[in-house]
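Return a 3D structure for these sequence lines:
(chains A, B, C, D, E and F)
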Protein chains: 6
Amino acid sequence: MNPDVVMHECSVNDVSTAWEIDPIVEALRSVRTQSLNSRNRFDNPTVLPSKKRIEAIIESFSAAMFPHRLSHRQLQRDCVDFFVGQQLDSACTNLAEQIRVELEYSEESSMHSGKLAEESNLRTKAILQQLPTIRKLLDSDIQATYLLDPAARSQDEVLACYPGILALIHYRIAHAIYLANLPLIARMITEIAHSKTGIDIHPGAHIDRSFFIDHGTGVVIGETTIIGQNVRIHHGVTLGGSSNYTTASAAFGEKQWKVPRHPIVHDNVTIFADATILGRVRIGEGSIIGSNVCVTDDVPAFSRVMQAQSTLNSFIEGAGI
Amino acid sequence: MNPDVVMHECSVNDVSTAWEIDPIVEALRSVRTQSLNSRNRFDNPTVLPSKKRIEAIIESFSAAMFPHRLSHRQLQRDCVDFFVGQQLDSACTNLAEQIRVELEYSEESSMHSGKLAEESNLRTKAILQQLPTIRKLLDSDIQATYLLDPAARSQDEVLACYPGILALIHYRIAHAIYLANLPLIARMITEIAHSKTGIDIHPGAHIDRSFFIDHGTGVVIGETTIIGQNVRIHHGVTLGGSSNYTTASAAFGEKQWKVPRHPIVHDNVTIFADATILGRVRIGEGSIIGSNVCVTDDVPAFSRVMQAQSTLNSFIEGAGI
Amino acid sequence: MNPDVVMHECSVNDVSTAWEIDPIVEALRSVRTQSLNSRNRFDNPTVLPSKKRIEAIIESFSAAMFPHRLSHRQLQRDCVDFFVGQQLDSACTNLAEQIRVELEYSEESSMHSGKLAEESNLRTKAILQQLPTIRKLLDSDIQATYLLDPAARSQDEVLACYPGILALIHYRIAHAIYLANLPLIARMITEIAHSKTGIDIHPGAHIDRSFFIDHGTGVVIGETTIIGQNVRIHHGVTLGGSSNYTTASAAFGEKQWKVPRHPIVHDNVTIFADATILGRVRIGEGSIIGSNVCVTDDVPAFSRVMQAQSTLNSFIEGAGI
Amino acid sequence: MNPDVVMHECSVNDVSTAWEIDPIVEALRSVRTQSLNSRNRFDNPTVLPSKKRIEAIIESFSAAMFPHRLSHRQLQRDCVDFFVGQQLDSACTNLAEQIRVELEYSEESSMHSGKLAEESNLRTKAILQQLPTIRKLLDSDIQATYLLDPAARSQDEVLACYPGILALIHYRIAHAIYLANLPLIARMITEIAHSKTGIDIHPGAHIDRSFFIDHGTGVVIGETTIIGQNVRIHHGVTLGGSSNYTTASAAFGEKQWKVPRHPIVHDNVTIFADATILGRVRIGEGSIIGSNVCVTDDVPAFSRVMQAQSTLNSFIEGAGI
Amino acid sequence: MNPDVVMHECSVNDVSTAWEIDPIVEALRSVRTQSLNSRNRFDNPTVLPSKKRIEAIIESFSAAMFPHRLSHRQLQRDCVDFFVGQQLDSACTNLAEQIRVELEYSEESSMHSGKLAEESNLRTKAILQQLPTIRKLLDSDIQATYLLDPAARSQDEVLACYPGILALIHYRIAHAIYLANLPLIARMITEIAHSKTGIDIHPGAHIDRSFFIDHGTGVVIGETTIIGQNVRIHHGVTLGGSSNYTTASAAFGEKQWKVPRHPIVHDNVTIFADATILGRVRIGEGSIIGSNVCVTDDVPAFSRVMQAQSTLNSFIEGAGI
Amino acid sequence: MNPDVVMHECSVNDVSTAWEIDPIVEALRSVRTQSLNSRNRFDNPTVLPSKKRIEAIIESFSAAMFPHRLSHRQLQRDCVDFFVGQQLDSACTNLAEQIRVELEYSEESSMHSGKLAEESNLRTKAILQQLPTIRKLLDSDIQATYLLDPAARSQDEVLACYPGILALIHYRIAHAIYLANLPLIARMITEIAHSKTGIDIHPGAHIDRSFFIDHGTGVVIGETTIIGQNVRIHHGVTLGGSSNYTTASAAFGEKQWKVPRHPIVHDNVTIFADATILGRVRIGEGSIIGSNVCVTDDVPAFSRVMQAQSTLNSFIEGAGI
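Presented below is the predicted three-dimensional model:
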C-alpha cells in the first residue's frame, strides 16, 4: 500500500477521525502467523463445516421426521411424502457437502477429490438410513416425557415446547453422524442444541430409548456415558468425566477421546436436579439420586442417594443477614 | 411414482450419487402412521400455534408497554400513543388468530367456525385488559432488581440487559394467557424465554410483585408454585415438584396438572444459587436458603438454611488429584 | 381523535371485533408517565445503545481476530489483510456511534455534540488498540481448553464449537470496553454471550490467561472477581458476591459498584461443576473445589474441598419412591 | 387522546422537533372517509389478494414446471418428483387462500364461509390441471425464441435469461386463472411480469403456441387480443384497443370488459419494433409490420407495411442543430 | 502492508490461485483520486441520501395515505388512526435524516450542525402538510383511470395493480419534495418508480388532477413539462426537451435546470402510444395526438395529429422478407 | 409410493380438499422427459450460473470501483483500500465459481476438474485486470451524461440516479466477461440491468467512451453493434439486427452469433427517442436521427433524418373521437 497516495486522499483537518487501522492489521497478522506456526500450520487453513448449513440440515431432517409438527407449514395429506422426500434430498445434498469439508479438514484430506466425493456420499447414505430408527427412539422419548411430566398436556405439546426433546432430536442425529466417524459435524450439532436449551450432550454418548430430560438447563452428558432405558434426569444433572487422569494425561499431551471415563446409568434410574455424577461409575438399576449430591462411586441397584442434612437456624429478626 | 420413467431420466454411470430416498420416505411414513394410530389420531393432525408468530406478539406487547426502551426505534414524543396503539392492534390481530388455532386444537374444536372466532376475540380482549397491570408489576420487578443488585447502574440498564426481566416479561404475559385457559400458547411463550435466558418459569406459577432473579441461568419454577412479594432468587434455584407421587400417578396414566405440588415462598425470602426446593413446602417469611442446599420440608419464617459443612484437606503437592 | 368520524367509519354489526384499544393506550400512557415521574425523568428519554448493532460489532471484531475460522467465508491468502482492515473499519464506525449513544445517555450527556464525537472516537481507538492483546489471550484460552479437555480433537474444534471460548471472546472485548468506562455497552456484550452460552461473566471481572470453562452452562463470574492463570472451572460454577452487606447497603439505596465483593481465584485452581464460591474469599494456588460445594471462607493453597458425604440407602424394591 | 397528559410528557424546550402529526392524521381520515363514501363503501374494506404471496405462487409453479432450471437448487435425479410435488402442494395451498380472498372481495362475497372454501379449492384444482399444457406451450415458445434469435446460444439460455419467456410464464399461468374467472389475481400476476420485463400482456388475451417476443420492453397486448401460432413481435409493439368508443362508453360509465376491441394477429406474422396496431383489426397470415408504423386497418395476408419515407438532409457542419 | 510476512503466510505450490489484487487496488485508487481531483473534490466525499431508506419512506407515506390498500395488513377499524400516525412518525424521522444528508451534500453544507437539524425538521413538516392534498390528487387519478380504462374492474384494482398509479404516487410525493428544494431526494424517488414501472416523470414537472397513464412503459415527462386536468397518455409517450439549445448550452458548460424546455399539455388532451412531443410546444385543449408521431410545433385546440400514411405492399409468398 | 398407506392416512370426509397432485407430477415428468429427449439431453442437466450470485458479484465490483458512492456505507478515508481489496477478493472468489459452472455447462465440460478450476481462475484474473479501464470508461460516460443533460445537477447525482449509468456499469463489466468467452454469464448480467432499467444492451456490442443514454427505457443495442465516442441516444432507440437473413438462416437451423448484423454508429451521433435503426448500416459522424423514424440504409456523415410530416386536422368539437 503506497502511503503517499493515501495521504493525498486524506485532508488535513480531520486526522483525528482516522482509526489508524494499519498497525492493528499488522499486529493481528503477526499474532495469527505465530499461532499458525506454533501448530505447524503454515499453509492455507482449510475451511471448517458451516454451522449455518448444519442448522439447515437438522431442520430438514426434523421436518422430514415430524412433517406435521416441525415443518411449520400446512401439508395436504396426499402430499406429505412429497414434502418428506424433498426435505431429505435437500438435507442429503447439503450434508454430503459438509461431510466433504470435514473429510478434507481431517487427516483423510490426502484423498483425491473424486474419492472424497464418493466417500461423502457413502456416509451421507449411511446416516440417512438411520432416520426411521431415530424417529422411533424420539417417539419413545416423547412418550416417556408425556407420561412422567404431570404438567404435560399432550405429546404434541411435548414435541413442540420441551427443550429436552429438542436436545434429543439434535443428539440422536448427531450420534449417527458421530458413529459415521465425523466427530466435528456431530459436535457442532449438539452445540447448536446446547446453545438453545442449555443441555450439553456429547454426540459420543450412548442413550437408550425412553429418555426424559426435565427442564434441562445445565445438563451435561459426557462422551463415553452409557444410559439405559427409561432413565429420567432433571436440569443441572452432570454425568461428567473422572477428573484425575485427565490432568495427568494432558501433561503428556495425549488425547484419550474414547477412553471410558463417564458414568454408566442403568435402566429406570431417576436423577434429580443439580446432582453431579463423575467418572466411570455405575448407577444401578432403579436407583434414585437426589438433588445437589455429588456421586463419585458406584451406586448399587435400587438405592437412594440424598444430600447430607442441611443446617437450619432461626435467626433474630432484623439482624444483618 | 412410475419407476420406469424415473429410470429413464437417470443416466447409468453415476448411480452412486442417488440417495435412494424412496425407501426412507416409506419407512418414515410407516413410523408416522403407527405413531398416529397409537394415539387414536388417524385424521389429519391439526396445526399447532406458531412459535414465530408468538414471538412477534410478545415483541409487540413488550414494545407497547415499554415504547422508549423496547421499541428499538426513536419515537417523537407526540407520537408515542400512535406507536403503542398500532403495536396493540397488530399484536391482538395475531394473538386472536393463534388463540383460534389453540381452540381448534384443544377439545373445544367442536365449536363451529363463527363461534371460534368470537371466542378468540373475547379472550384476546381479556388478555389485552391485563397489560397495564402487567406493566406495573414489571415496574416493581425492575425496581427491585435495581435496588438489590449492587452491579446495576440504572433501571434502564436493568430493563435492557437483565435476563431476569426478559423472563418476567414473558412469564407475566404468559400467565395472563394461562389464566385465559390457553395453556399451550402460554407454555410456548415461557419456553421462548427459557431458551434465551435459561430461566424456566411455568406460566401457571403465581408470582407477586417485586420479584428479583439474579443471573438466572438454571432457574426452574414449577406450575403450582406461589411466590410472595419482594422475593429474591439466584441462578440455579429450583422450585420443583414433589417427586414421589408424580411417578405413582404416572403409573396410572392420570394427569394432575393443577394439583398443588410445588413450593410456597412467602414474602421477603432470599434463595441463593443452586438451592433446590422440592414439593409443596412452605418457605416462611424472610427466610434465607443458602447455596446448593436441597430443601424438602417446610422452613419456618426468619430461618436460614445452609449446606452441611464441606470437608477441606490440604494435599501433598504433586500427588494425583 | 374525533370519535364521531371514527364511529362513522365503523359499521354497526361487528362491534364485537373491535379491540377497544383506546383505553388501554391511555392506561399504558398513565403508567408510563408515573414511572418516568418517579425517576425524575420527565423529559424525552434518551435512546440506549442497540443490542443488534453491538452484536454486529462483536462479529466484526471476532472475524478480524480469527479471519480464517470466524469469518464464515473463504479468503484468498493474499487478501486476508484487506478483509481484516475492512472489518475493523466497519466495527470502529459502528462502535464509535454506540459509544456516542452511551455517553449521551450517561451523566456526560452535558458535553456538546462535537466534543461527544471526539470523545467517542478516542475511546474507540483505545479499544481498537487492545485487539492484538485480546487475540493473544484468546489463543492461550483455546490452547488451555484443548490441552485439558480429553474430548477436544483440535484447537480449531475448540474455537468453532466451545461455548466457553465464545463467552471469553465476548468477555475479553467487553472488558476492554468496561475499562474505557463504558459499562452499559460492556454489559450488553456479555449478556449476548450469556444468552447464547449460559455463561454469565461480568465485564468488570479480571481474568488472566489460559482460562478454561468446561461446558459452561450456569457459570456466573461477578464484577470484582479476580482470576489467575491456568484456572479451570466447570459448568454451574458461581464466583458470586457476598450477600450480607448487599442487602444492607441496598436498604440505604447506596450502590457499591466496584467495591470488592467477589472471590479471588489464584493460579492453577480447578473448580468442579456447580460449586458456589461467595464473597471476597481467596482460593489459594493449585486448590481444587469439588462439585456442588458452597465455599464462603478462604481456602489455603493446594487444598481440596469436597461436599459432605451423601447418605445412601438401599430401599425395598417396589416401594413408592 | 388526552392532550393534557401528552403535554405533560413533552418537555418545553424542543417543541420544534414535534411533527404535529395529529391534524394530518385527521385530515387523511377525512379524505379517506369521503373517498369511501363516494363509492358507497362505508363498511370495513375487504382485504385484497397479496402481491407477495402471488409472487411466491408463481415461483413455485415455475419451479414445478422447470425443476432443473428454475428451482435454483441442485436436485438429485431420483428426487425431482418429490420436489415437484412439494412445490405444487405449497403453491395450491397458497393459491386457494388468495382465491378465497378474491371471491370474498368480488360480488360473490355473499357466499357463506364453507362454500367459499369449497369454491376456492375447486378453482385451484382446475388451474392446477392446466400446468402440463402450460409447460408444453412454454416449450414451444422457448423453441421458437431459440430458432428465431440469432444471438441465442441454447434453449437453456433462453429460459434463464430472456424476459420474453419470463413474461410468457406469468401470462400463461395468469390466463388459466383469468379463465377460472379470477381477473384480479390474474392481473396482479401479469403486472408482476410487467414490472420485471416491461412487457404488459393482459391475462385475457389469447396467445397460441410458439410465440416469440424479442427484447420485449414496451410491448403491450390488450385484453381481447387474439394471436395465432408462430407469431414474432419485437419490443415496443402495441396491440392496443380501438380508442374511439372507449371514450364514448366511458362517458356513459359503462364498462365493456370483454367487448372485442384489440387486434387479431394471424399465424406466422412478424411485427417489428415500436409498431402500433390499434382496434379490432386483422393482420393477415404471414404479414410483416415494419418498425414504428401505426396500423388501424386490416392488413391482408402476406403483406408488408412500412413507415412512410423519412426525410434526410445533410446539413452544414457547425450550424446549430 | 509488509509483503515479507504476507509471503510467509502463502505456501509455494498454489500461487496460481492468488488474484493479485494489490495492483488492481492501487490502480483503482489512482483512477479514483484523478476523478476526485478533476472535480476539485480532494476532501472526503460526503455521503448521498440512501435509496433504501427513501424507498421505506415512500412505503410509509403510501401506507399512511391508503391504509387499507397499501399497508399490506389487516387493520382493526378503530385502530386505523394509530397505524396512520405511527407510519407518519416513522416516515418523518427517516425523511428528516435524509434531508439533512442532502443539505450537507448541497452548497448549504456550510450550515452548522444544529441549524441543519432545524432546517431538516422544518422542511419535513412542510412536506408532511402536503399529504392530504396529495391523497386527493391521487384519488382523482385513480378515478380517471378507472373511468377511462375499459379493462379496469374497480378503483381498488387500479390502485393495487396499475403501474401508472404507482408512478403517480411516487411523482406526487417527489414533487412536494422538489418544491421544498430537495432535488436529489426527489429525483431518487422518481427513479425508484421508473425502475419499477418504466415510467420516467421528472419531479419538477407540473401535473394537474385526473391524470391517466395507460400501461406506461417508456413514458418520459421532462422537468419543465406542464400538464392540465383530465389528460390521458399511453405508454411510450415522450414529453421531452427541445434538443437544439441543449447541445449548444452544454458546449458552454452552463446548466439550465429550470429553463422551460418541455411541452405544455392543456386540459382533456389524449396522446396515444409512442408519440413524441419535443420542446416547449403547446398541445391545445382537447386535442388528440396519434401513435408514433413526432410533434415539434404547437398544436391548436381540438386538433388531431396522425402519422403519415404507411406503405402497404403485398409480397409474393416465399420470397425473402 | 404405496397408495394403500396414503389412503389410510386420509380420512374419508374431506376428500374434496386433496389437490390430486400425483397425476400432475406424472404429467409434468412426462413433458419434461420429452423435452429433454428432443434435445438429446437424457443425462442429468448441468446447473446454470446463478443469477443471485451474479448480482452479488456486480454489486461488489461496482462498490470496488466507486467505493464512496456505491458501497452504501461510510468508509474511513484510510480504510478505503481495505474495503476495495475485500470486495475484489469476494467478487473474484464468487466469479471463479460461476465461471466454472459455465465452463462445465458449455462444450468445454469435458475438461477434468483440476483443469476447470485452473481455467476459471485464469479467466477471473483476466477480467479483474480490466476493472481500472472500465472505471475510466464509466467516468467518461458519467461526465458526458452530466454535460449533456440540462437536468443533471452533479456527477454524483448522475452516478446515483441515472438508469443509463446503471446499465453501462453492467454492460461494461459484462463485455469484459463476454470477451473472456463466457457469453452466458455476460448475458445474465446485462439482463439484470435490462430488468432494472428497461435498457437492453447485448454484452457483445462495442461501445466507446463518453456514451450517454437519456432516460433509457426501451433502448435495444444488438450483439454486433459498434458505437463510437460521444454518442448520445434517447429512450426507445433500437440498434437492431437486419431481419431478412435471420429468418432465412433460422430455417436452416444455423446460428450466426457473431455475424455482423447490427448498425455501426460513428462518433458524435445523436439519436432521438424511439428511432429504430436496423441492419449493418452506418450512421455517419455527427449525424442526427430524429424521433420515431425507422432507418434501414446508411446515413452519410453530418446528416439529419426526420420523420415524414404528420397530418394535422382540426375536428369538429363533439364528434366521436
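
Quick one: name the residues of the stretch 1-150 of chain A near chain B.
Of all the residues in the stretch 1-150 of chain A, those in contact range of chain B (CB under 8 Å from any CB of the partner chain) are A:64-65, A:67-69, A:72, A:74, A:77, A:80-81, A:84-85, A:88-89, A:92, A:118, A:121, A:124-125, A:128-129, A:131-132, A:135-136, A:139, A:147-148, A:150. (Glycine included, C-beta is placed from N, CA and C.)

Just the buried residues from these, in PyMOL please.
What follows is the PyMOL syntax selecting those of the residues of the stretch 1-150 of chain A next to chain B that are buried according to 16 or more other CB atoms under 10 Å in any protein chain shown:
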select buried, chain A and resi 64+65+67+68+69+77+80+81+84+85+88+89+92+121+124+125+128+131+132+135+136+139+147+148+150
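
Keep only those of the residues of the stretch 1-150 of chain A next to chain B that are in strands.
Among the residues of the stretch 1-150 of chain A next to chain B, no member falls in strands (DSSP state E).

nearest spatial neighbour of A:P300, skipping sequence neighbours?
With sequence-adjacent residues excluded and distances taken as CB to CB, 6 or more residues apart in numbering or on different chains, A:P300 is closest to A:G284, at 4.7 Å.

quick one: low-confidence parts of the stretch 1-150 of chain A?
Scanning the stretch 1-150 of chain A with the threshold set as pLDDT under 70 gives A:1-17, A:40-45, A:107-111.

quick one, what contacts whichever residue of it sits closest to chain C?
Closest to chain C within the stretch 1-150 of chain A is A:A27: 3.9 Å, counting by CB to the nearest CB. Going by CB atoms under 8 Å, 6 or more residues apart in numbering or on different chains, A:A27 touches C:L131, C:P132.

any idea whether it is helix, strand or coil?
helix (DSSP: H, G, I helix; E, B strand; the rest coil).

secondary structure element for the spatially closest residue to A:I134 that is not a sequence neighbour?
Using CB to CB, 6+ apart and skipping residues adjacent in sequence, the residue nearest A:I134 is A:R172, 4.7 Å away. For A:R172, the element it lies in under DSSP states H and E is helix A:163-179.

helix or strand right after that helix?
Scanning onward from helix A:163-179 (DSSP H and E), the first element met is helix A:183-197.

is chain B contacted by that following helix?
Yes - with CB under 8 Å from any CB as the criterion, chain B is reached by helix A:183-197 at A:K196, A:T197.

Around chain D, which positions in the stretch 51-200 of chain A sit nearby?
Residues of the stretch 51-200 of chain A lying near chain D (CB under 8 Å from any CB): A:73-76, A:79, A:81-86, A:88-90, A:92-93.

returning to what we had before: roughly how far apart are the residue of the stretch 1-150 of chain A closest to chain C and C:K115?
30 Å (CB to CB, to the nearest Å).

and the stretch 51-200 of chain A, which residues reach chain F?
Counting by CB under 8 Å from any CB, the stretch 51-200 of chain A sits next to chain F at A:Q76, A:R77, A:D78, A:C79, A:V80, A:D81, A:F82, A:S113, A:G114.

Let's see that with 10 Å instead.
A:Q76, A:R77, A:D78, A:C79, A:V80, A:D81, A:F82, A:G85, A:H112, A:S113, A:G114, A:A117 (CB under 10 Å from any CB of the partner chain).

Surely A:A193 and A:I199 touch.
Yes - assessed by CB atoms under 10 Å, A:A193 is found in contact with A:I199 at 6.4 Å.

Which of these two has more residues huddled nearby?
A:I199 (29 against 23; other CB atoms under 10 Å in any protein chain shown).

Quick check: end-to-end length of stretch A:275-287?
13 Å (CA to CA, to the nearest Å).

wait, which of the residues of the stretch 51-200 of chain A next to chain D is closest to C:G241?
The shortest approach to C:G241 among those belongs to A:R73, at 48.4 Å (CB to CB).

which non-adjacent residue is nearest that closest one?
A:R73 sits nearest to D:S90 (CB to CB, 6+ apart), 7.2 Å away.

And for A:S35?
C:D139 (5.4 Å).

Can you check the pLDDT for the most centrally placed residue in chain A?
Geometric centre of chain A, nearest residue: A:T190, 1.6 Å, by CA atoms, centre = their mean. At A:T190, the model reports a pLDDT of 98.

same deal with A:A308?
77.

wait, doesn't the residue nearest to A:P300 sit right on A:R304?
No - using CB under 10 Å, A:G284 is not in contact with A:R304, being 11.2 Å away.

Doesn't A:N268 lie inside a helix?
No - going by three-state DSSP, the assignment for A:N268 is coil, not a helix.

Enumerate every residue touching it.
Counting by CB atoms under 10 Å, 6 or more residues apart in numbering or on different chains, A:N268 touches A:210, A:228-232, A:284-288, A:301-302.

same question, A:A64
A:70-71, A:83-91, A:128, A:131, A:135, B:21, B:24-25, B:28.

OK, contacts around the residue nearest to the centre of chain A?
Contacts of A:T190 by CB under 10 Å, 6+ apart are A:167, A:170-171, A:173-175, A:177-178, A:199-205, A:221, C:161.

May I see the buried residues of stretch A:24-37?
Buried, per 16+ other CB under 10 Å, within stretch A:24-37: A:I24, A:V25, A:E26, A:A27, A:L28, A:R29, A:V31, A:R32, A:S35, A:L36.

In a markdown table: these, plus distance to A:I271.
Formatted as a markdown table, these follow (distance: CB to CB, whole Å):
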| residue | distance to A:I271 |
| --- | --- |
| A:I24 | 50 |
| A:V25 | 51 |
| A:E26 | 53 |
| A:A27 | 49 |
| A:L28 | 46 |
| A:R29 | 50 |
| A:V31 | 44 |
| A:R32 | 44 |
| A:S35 | 41 |
| A:L36 | 44 |
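
Nearest residue to A:A160 in space, please, no chain neighbours.
Going by CB to CB, 6+ apart, A:A160 has B:L48 as its nearest residue, at 5.3 Å.

Was I right to think that neighbour contacts A:C161?
Yes - judged on CB under 10 Å, B:L48 makes contact with A:C161 at a distance of 9.3 Å.

what touches both of those two?
B:L184, B:M188.

circling back: greatest separation within the residues of the stretch 51-200 of chain A next to chain F: which pair is it?
Top of the distance list for these (CB to CB): A:R77 and A:H112, 47.0 Å.

ok, A:T296 - how many residues close by?
Residues near A:T296, counting by other CB under 10 Å, number 17.

Now do the same contact list for the residue nearest to it when sequence neighbours are not counted.
Among residues not flanking A:T296 along the chain, A:L278 sits closest, at 5.1 Å (CB to CB, 6+ apart). Contact analysis of A:L278 by CB under 10 Å, 6+ apart lists A:222, A:238-243, A:261-263, A:294-297, C:234, C:272-273, C:290-291.

For A:L278, give me the backbone phi and psi.
In terms of degrees, to the nearest 10, the main-chain angles of A:L278 are phi -120, psi 140.

List the beta-bridge partners for it.
Beta-bridge partners of A:L278, counted by DSSP bridges, are A:G240.

Which stretches in the stretch 201-321 of chain A count as strands?
Ranges of strands in the stretch 201-321 of chain A, per DSSP state E, counting those that start in this stretch, are A:206-207, A:212-214, A:220-221, A:226-227, A:232-234, A:238-240, A:264-265, A:270-271, A:276-278, A:282-283, A:288-289, A:294-295, A:303-306, A:311-314.

List the contacts of the fourth one.
This points to strand A:226-227. Strand A:226-227 is contacted from outside by A:201, A:205-208, A:211, A:221, A:233, A:239, A:260, A:262-267, A:269, A:280, A:282-283, using CB under 10 Å, 6+ apart.

hmm, try it at 8 Å
A:A205, A:H206, A:I207, A:D208, A:F211, A:I221, A:L239, A:H262, A:P263, A:I264, A:V265.

Strand partners (parallel or antiparallel) of it?
In the sheet, strand A:226-227 lines up with strand A:206-207 (parallel), strand A:264-265 (parallel) (DSSP bridges).

For the last one, give the mean pLDDT please.
Averaged across strand A:264-265, the pLDDT comes to 98.
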